[in-house]
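1. Okay, sequence plus prediction incoming.
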Amino acid sequence: MSGVVRPAVGGDVAAVKALVDKAYEHYVERIGVRPAPMDNDHAAQVAAGQVFVVGTPLIGALVLVAAQDHLYVDSVAVDPAHQGEGLGRLLLEYAEEHARALGLPEIRLLTNAKMWENQRIYPKLGYEVVERRIDQGRDRVFYRKPVPPP
């Protein structure tokens, strides 16, 4: 596995879409709808410089959206064949480095309440629950993590 995170380029769009679908498809039955990242406009996100990837072929993808006071992790996707290898941790560590480089004091993210795997992982990585609420018709758990200065 290559641990180098790089910005996605236009030629990665189809692979990003395929990876996101593969990483999230098992949740469709559990939550009753397609997870939001599956319906993202991956081409627009790549063009906006928001997508970061790992591997050739791609085995991990991260979507980061900078706001005025935080960095929002829109999605983290890891190829199911590579889950448990620390790739998700690598991607979230990259998000922290990216936030720090942008001078943003915290990272925010959310997960569907039925994605209980994420609810075990995020606190282990230093994320704290901010709230749980229905958002866009979905039961979501919101997290934040302060980004310490360098």
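-> That came in fine, so what should we check first?
2. C-alpha only now, for contacts and for neighbours.
-> Noted.
3. burial count for residue 58?
-> Applying other CA atoms under 10 Å, we find 18 residues neighbouring residue 58.
4. Contact partners for it?
-> 15-16, 19 (CA atoms under 8 Å, 6 or more residues apart in numbering).
5. Equivalent analysis for residue 147, please.
-> Contacts of residue 147 (CA under 8 Å, 6+ apart): 96, 99-100, 104-107.
6. Now intersect those with the strands, please.
-> 106-107 (DSSP state E).
7. Just give me the closest of the contacts of residue 147 to residue 78.
-> Using CA to CA, residue 96 comes nearest to residue 78 of those, at 17.6 Å.
8. what's the closest non-adjacent residue to residue 49?
-> Closest residue in space to residue 49, ignoring its immediate chain neighbours: residue 7 at 6.9 Å, by CA to CA, 6 or more residues apart in numbering.
9. That neighbour bridge partners, please.
-> residue 52 (DSSP bridges).
10. State the distance from it to residue 107.
-> Distance of residue 7 to residue 107, given as CA to CA, to the nearest Å: 19 Å.
11. Looking at those two, which is more packed in?
-> Taking neighbours as other CA under 10 Å, residue 7 and residue 107 compare with residue 107 leading, 26 against 15.
12. Check the more buried one and give its pLDDT.
-> We note a pLDDT of 98 for residue 107 in this prediction.
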